[in-house]
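Asks: Output the structure for:
(one chain, ligands or ions: 1)
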Amino acid sequence: MSESGTSRPWESPDQSEAKRRVLALAHEYLVPGRVETFAQLGIQLTIGRREAYRFWDLDGREFLDVHLNGGTYNLGHRHPALVLALTEALQTLDIGNHHFPSAARAELAARLAACTPGDLHYTVFASGGGEAVDVAIKSARRFTGRRKVVAMASGYHGHTGLSGCAGDDANARYFASDRPDEFVKVPFNDLDAMHAALRSCDVAAVILETIPATYGFPVPADDYLPGVASLCREYGALYIADEVQTGLGRTGWLWGVEAWGVQPDILVTGKGLSGGLYPIAATVLRRDVGAWLKDNAWGHVSTFGGAEPGCVVAARVLDLCSDPATLAHVNRMSDYLYAGLDDLRSRLGFVQEIRRKGVVMGLVFDSPTGGLEMMSALYQCGVWALVAGFDRAALQFKPGLLVDRAYADELLSRFESALQAAKSRHR
Ligand SMILES: Cc1ncc(COP(=O)(O)O)c(C=O)c1O
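Replies: Coordinates of the predicted model:
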């Protein structure tokens, strides 16, 4: 029974009518399992007003957002320059007709070719990251004539067809859509395992998140990603960099792979590319890998992929994220937040490890479910951060690119209260 005396644990007596209605409708028509699961963790979040790196629950409670929906809100909720770009675009544009070239799409594709590493050249647009990963895998298979894909066991690349088979495929299995013979899983940070998976020379591609988000952002060893790239070259497999969470400035580099000097054959971006305002994702292909775009002009078709207003917003996102001042700021704030978190660790304990590359951060706690416990404790203290799904001891901690010191201080202060509360439950 809930506090309100009903068997609906997502209800509580202090809820507004508006919030109660949203939760009831969502439970009845939309996501019953999510409403129930969050309620069991004491979380009944329905996001109303949102601005910069904060949002307010429909009941008016304020939250600092360090989930950012996986980096979708890298630049903050409703960044004024992006809202302006979108509203101006809507004065003249609509989604467009995906069969024909358009100014917004063509300019953005040229821009992506210029700002991505190495010989990445052609772009295929998608409406989400999973679709973009599907395009990456299809392109690698077409180019190599091979079917096998090597991926990380604790990786996440989306829930569409092929993307759902890459990484942990429990969900694909649930829907009888897994393909274990085609997707080989290896542990992260293990070059010997990668070598063993590639040496049969039948692998089309290795797909890797540069720093695996759902695994709690373990930072790869210095030689891991360059080592994988060189094994790919040796055995004729393509390197697909999934930069959906680590791209667009979060690591202090525009693309995470640049921090390790890796030039992928295919790069996938999404989430933050949308500015949090208009869905868009992209697969950027090496010129020869994208040769199918000449031979098979309708080889991948997506009505909403590269919708024109999204392209206009994404171009502004690239301006803001690639600005050297933004990247320098990310590195400064990374140091500042690290110093604060490290101080809390030495004073209070419970934090076991602080992982970071720029504002890509993962915190590991001294309990097998520490990430989950901290997610709930932070929620109570007005901070929203998400547990790492594949390691519940870890929390994904994702501050925005543009957070300032005042925000960081407030975040650290709320974090301290949450840490004390979570820790006290272990006494
Ligand atoms: C690393 C990574 N790749 C791909 C995806 C899939 O993106 P989408 O949810 O837009 O399909 C996600 C989404 O969380 C992701 O984190």
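Asks: ok and the residue in the stretch 201-350 of the chain nearest the ligand?
Replies: Closest approach between the stretch 201-350 of the chain and the ligand, counting by C-beta to the nearest ligand atom: Val244, at 3.6 Å. For every residue, glycine as well, the C-beta is placed using N, CA and C.
Asks: residues in contact with that residue?
Replies: Neighbouring residues of Val244 by C-beta atoms under 8 Å, 6 or more residues apart in numbering: Gly70, Gly71, Gly129, Ala132, Val133, His157, Glu209, Val268, Thr269, Gly270, Lys271, Ala281.
Asks: Go ahead and confirm the last one touches Val124.
Replies: No: look at Ala281 against Val124 with C-beta atoms under 8 Å: they stay out of range, at 9.6 Å.
Asks: Which residue is the nearest non-sequential neighbour of the residue in the stretch 101-250 of the chain that the ligand sits nearest to?
Replies: Using C-beta to the nearest ligand atom, the closest approach of the stretch 101-250 of the chain to the ligand is made by Gly129 at 2.3 Å. Closest residue to Gly129 apart from its sequence neighbours, by C-beta to C-beta, 6 or more residues apart in numbering: Gly270 at 3.4 Å.
Asks: May I ask which two of the contacts of Val244 are separated the most?
Replies: Spatially, the most separated pair among the contacts of Val244 is Gly71 and Val133, at 15.5 Å (C-beta to C-beta).
Asks: Neighbour count for those two, which is higher?
Replies: More crowded of Gly71 and Val133, by other C-beta atoms under 10 Å: Val133, with 31 against 28.
Asks: Sticking with the more buried one, tell me its helix or strand.
Replies: For Val133, the host element (DSSP states H and E) is helix 129-144.
Asks: Moving along the chain from that helix, name the first helix or strand you hit.
Replies: That would be, after helix 129-144 and using DSSP H and E, strand 148-152.
Asks: which helices and strands sit right next to that following strand?
Replies: With contacts defined as 3 or more C-beta pairs under 8 Å, 6 or more residues apart in numbering; DSSP states H and E, strand 148-152 has these neighbours: strand 183-186, helix 191-198, strand 203-209.
Asks: Report the distance from the longest helix anywhere in the chain to the chain centre.
Replies: Looking across the chain with DSSP state H, the single longest helix is helix 324-348. In terms of C-alpha atoms, centre = their mean, to the nearest Å, the centre of helix 324-348 is found 20 Å from the chain centre.
Asks: Tell me which residues are up against it.
Replies: For helix 324-348, the external contacting residues (C-beta under 8 Å, 6+ apart) are 249-254, 320, 351, 354, 356-359, 361, 363, 399, 401-405, 408-409, 411-412, 415-416, 419-420, 423.
Asks: Please repeat the previous calculation with a cut-off of 7 Å.
Replies: With contact meaning C-beta atoms under 7 Å, 6 or more residues apart in numbering, helix 324-348 is reached by 249, 252-253, 320, 351, 354, 356, 358-359, 399, 401-403, 405, 408, 412, 415-416, 419-420, 423.
Asks: Repeat that for stretch 143-160.
Replies: Contacts of stretch 143-160 (C-beta under 7 Å, 6+ apart): 129-131, 133-134, 137, 141, 163-164, 166-168, 171, 182-188, 197-198, 202-209, 212-215, 236, 238, 242, 289, 390.
Asks: Output that stretch as PDB, nothing but the C-alphas.
Replies: Extracted C-alpha coordinates of stretch 143-160, given in PDB (Å, rounded to 0.1, in the frame of the first residue of the first chain):
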ATOM      1  CA  PHE A 143      32.000  -2.900 -47.600                       C
ATOM      2  CA  THR A 144      33.700  -6.000 -46.200                       C
ATOM      3  CA  GLY A 145      31.300  -8.700 -47.500                       C
ATOM      4  CA  ARG A 146      31.400 -10.100 -44.000                       C
ATOM      5  CA  ARG A 147      28.600 -10.500 -41.500                       C
ATOM      6  CA  LYS A 148      30.200 -10.800 -38.100                       C
ATOM      7  CA  VAL A 149      30.300  -7.900 -35.700                       C
ATOM      8  CA  VAL A 150      32.400  -7.800 -32.500                       C
ATOM      9  CA  ALA A 151      31.000  -5.700 -29.700                       C
ATOM     10  CA  MET A 152      31.400  -5.300 -26.000                       C
ATOM     11  CA  ALA A 153      29.400  -7.500 -23.700                       C
ATOM     12  CA  SER A 154      28.400  -4.500 -21.500                       C
ATOM     13  CA  GLY A 155      27.900  -2.100 -24.300                       C
ATOM     14  CA  TYR A 156      24.700  -0.300 -25.300                       C
ATOM     15  CA  HIS A 157      24.000   0.900 -28.900                       C
ATOM     16  CA  GLY A 158      20.200   1.200 -29.000                       C
ATOM     17  CA  HIS A 159      17.200  -1.000 -29.200                       C
ATOM     18  CA  THR A 160      16.500  -1.100 -33.000                       C
END
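Asks: tell me which residues of that stretch are tucked away?
Replies: 143-144, 146, 148-158, 160 (16 or more other C-beta atoms under 10 Å).
Asks: for the ligand, what are the nearby residues on the protein?
Replies: Within reach of the ligand by C-beta under 6 Å from any ligand atom, the chain has these residues: 70, 128-130, 133, 156-158, 209, 213, 242, 244-245, 270, 281.
Asks: From Ser302, how far off is the residue of the stretch 201-350 of the chain closest to the ligand?
Replies: Computed with C-beta to C-beta, to the nearest Å, the distance linking Val244 and Ser302 is 17 Å.
Asks: how far does stretch 199-214 sit from the chain's center?
Replies: Taking the mean of its C-alpha atoms, stretch 199-214 sits 17 Å from the chain's own mean (C-alpha atoms, centre = their mean).
Asks: which stretches of the stretch 51-200 of the chain form helices?
Replies: Secondary structure of the stretch 51-200 of the chain by DSSP state H, counting those that start in this stretch: the helices cover 68-71, 80-92, 103-115, 129-144, 161-165, 170-174, 191-198.
Asks: typo on my end, it should be the stretch 251-400 of the chain
Replies: 292-295, 308-322, 324-348, 370-380.
Asks: Next, count neighbours for the closest residue in space to Trp260 that isn't next to it in sequence.
Replies: Counting by C-beta to C-beta, 6+ apart, Leu225 is the residue found nearest to Trp260 once chain neighbours are left out, at 4.3 Å. By other C-beta under 10 Å, 23 other residues sit near Leu225.
Asks: Would you confirm that Leu225 belongs to a helix?
Replies: Yes: using DSSP: H, G, I helix; E, B strand; the rest coil, the assignment for Leu225 is a helix.
Asks: Quick check: which ranges of the stretch 1-150 of the chain have low pLDDT?
Replies: Applying pLDDT under 70 to the stretch 1-150 of the chain flags the ranges 1-6.
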